[in-house]
Structures are given as structure tokens and as C-alpha cells.
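A.B. asks: Sharing a model that was predicted from the sequence below.
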Amino acid sequence: NKTRVKGILPKIKDTVHLIRTSTRFRHGTMATVMTVIFFVFIVLLNMAVMKMKERYTFMSIDMTDDKRYTLTAETEKLIKSINERVEIDILATEAQCTTSGALTSDTYGQIPIAHEIIKRYPQLNDNISINYVDLSKMPAYITQFPEYSDVLDYYYIVIKSARRTRVTSFYEMLPSLSSDYAAFDSTTQSSSVAQSYTETYMTSLIKTVTLDKTPVVAFVDGLNVDGNCSEFLSVLELNGYEVDTVDIRKETIPDEADIVMLAAPTTDLSKAQTAKLDDYLGSGKKSRTLVVFSSSLMPPMPRLNSLL
């Protein structure tokens, strides 16, 4: 009997040890699982907060002294009134837009500031969305827009609706990217926010792509215009006008034009050119407007004056 007991005791000890070990194992496993669940929860919570910050303005409080990320009341009112889909395609990765100095010419780190402003638009209206297009992976993207195919490149922005498409760029909105000029603030060691026209461009172009009809301006060329009018024409386009340049020496005024514009010509109209303008103004199909900007360098122009 003693031999039998001696043989049983080691087995009992092994069983007890196994039970203890299993219990510790279960507790250790449970602690590990709870730790993993906790960290997963924290990660998911952080992701949810980040998504809410992107989606809702009240989660993205502008803490900067100069309120550089805050849109004007006029912009907010306009954007909230849009009831159709508008897509903002940024031709860069999100990382390139958020990393200061990702673009060599962005000396003052303005692209992340402009990008943060652009992100405010979808927060105001669910009809507006932002897409990031990596041209290195999607080179065929540009072929969708043949009218802009010779312009589109990295850091350009395509704003589109079912009605029409317009294009701008970080270079256009941030003058410091395309020139040596920048308003430098020695206190903050950064470029002045006054040199960012992001809100002006984005709001105007979003408005333009959602208009029922864009007024058409025919800019008359071929009369030795005094000065360069490209900036003025860009302002017109930015404010929702469609601008067509017409060489009146070879072309007629398009019938769809609402306004014909002559900017300080230094040469009077020929008889044929006068007839083209007269036909356009007298067609009677709709309201027609002739706008002439004068200059002290303009010589006497009897034919042009006859139309005024």
C-alpha cells in the first residue's frame, strides 16, 4: 500500500502543478488580450476623432492668433448653400500636402496652411469632397481634361461638378511658390498669411462650377492693345466669367458672348472689323454689351467711336 501511495503522490503533484500553471497561463493570456483590446480601442478612437476633425468644423478649432484657417462668413454662407456634388482633386498625395517643405520652392511652408484651409470646405457641406491624385501612379488622369492637358501637373487642383471644370494650383494661390517675392514676418519666421489667396480662389471656383450659366466675355485682340491684360482676364475667370480671346482681324465675335471687351486699343477698327462688331451688337438675339477701356495713348478712333 505504501508503494502504491508513493506512486500516486508524484502524479497528484504533477496534476496540481499543471492546474496552477494553466491558471497562470489563463490569467496571463487574459491580461494580454485585454491589453491588446485596450490599444486597439485607443487606435480606433484616435482614428474616429481624426475623421470627425476632418468632417466637422467644431472638431477643428482654429487656435492660431491670426485665424489663418478660418473661412469668412461670406464663404461659409455660399458653401453651405451648394446642393450639388463638387469634387476637389488635388494632384499630390496627402503627405505631400501636409509635410512642410515637401516642395522645394515652398520655403515658408505655405502648402500645409493652404491645404488645411481647403479641408474646411467639405466640413461645411457634405456635397463637397477632396480626392488626392498621385500622378506618378495615375498619369492617365490628365487625359480626362483635354482643355487643361497642357497645364495640369503636380500641385495643381481640379475643381469639378456635373456642369463644368475649373483648374487652379498651389502656385497660383501662393505667390511665394512661383516668385522670389514673399511678405516675410521676422517675428514668426514664416511667410505672411496675407500672401495666401487660397480662400479667394477656392470659393470663387467652387461657385463657378455650380452656376447655372457662366457669362461669356469676348476679349478682342488684334488692335495693338496697350499693356498686358492677362491678369485682368484671370480675375474675370476667377469671378465666374468664361473668357474667349477673339482676334478680330481673322475671327468673328461668337454669338454666345454676353460682353465684348476692348482694352485700350492703339489702332482704330477697319471697316470690316467695324462691321463685325456692328453685326454682333445689332443682332437683337439677346442683350449685348460693348465695354471699352480707354487710355491716354489712344489716338482718335472715329470708327470705334461710332459704335459707342
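C.D. replies: Alright, I've got the coordinates. Residues are numbered from 1 along each chain as shown.
A.B. asks: pLDDT value on the closest residue to V292 other than its chain neighbours, please?
C.D. replies: Nearest residue to V292, sequence neighbours excluded (Cβ to Cβ, 6 or more residues apart in numbering): L262, at 4.7 Å. In this view, the C-beta of every residue, glycine as well, is placed from N, C-alpha and C. Among the per-residue scores, L262 shows a pLDDT of 89.
A.B. asks: close enough to count as contact, L262 and D221?
C.D. replies: No. Using Cβ atoms under 8 Å as the test, L262 is too far from D221 to be in contact (9.4 Å).
A.B. asks: who has more neighbours, these two?
C.D. replies: L262 (22 against 17; other Cβ atoms under 10 Å).
A.B. asks: And the particular helix or strand that has the residue nearest to V292 in it, what's buried?
C.D. replies: Element membership for L262 (DSSP states H and E) is strand 259-263. For strand 259-263, burial by neighbour count (16 or more other Cβ atoms under 10 Å) applies to I259, V260, M261, L262, A263.
A.B. asks: Using JSON lines, lay out those together with distance to N125.
C.D. replies: Formatted as JSON lines, those follow (distance: Cβ to Cβ, whole Å):
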{"residue": "I259", "distance to N125": "31"}
{"residue": "V260", "distance to N125": "36"}
{"residue": "M261", "distance to N125": "34"}
{"residue": "L262", "distance to N125": "40"}
{"residue": "A263", "distance to N125": "37"}
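A.B. asks: Specify which member of these is nearest to S287.
C.D. replies: The shortest approach to S287 among the buried residues of strand 259-263 belongs to I259, at 9.7 Å (Cβ to Cβ).
A.B. asks: pretty sure that closest one contacts L281?
C.D. replies: No. Under the criterion of Cβ under 8 Å, I259 is not in contact with L281, lying 11.3 Å apart.
A.B. asks: Overlap of the contact sets of the two?
C.D. replies: Common contacts of I259 and L281 (Cβ atoms under 8 Å, 6 or more residues apart in numbering): L290.
A.B. asks: one step back: let me see the contact set for the residue nearest to V292.
C.D. replies: When contacts are counted by Cβ under 8 Å, 6+ apart, L262 touches V220, L223, L290, V291, V292, F293, L304.
A.B. asks: So what's the residue count around L277?
C.D. replies: 22.
A.B. asks: again but with D212, I slipped
C.D. replies: D212 sits with 5 neighbouring residues when counted by other Cβ under 10 Å.
A.B. asks: going forward, begin numbering at 424 instead of 1
C.D. replies: Fine by me, first position is 424 from now on; the one you just mentioned is D635.
A.B. asks: so who does M724 touch?
C.D. replies: If a contact means Cβ under 8 Å, 6+ apart, then M724 has P688, D691, L692 as its contacts.
A.B. asks: Perfect, that will be all.
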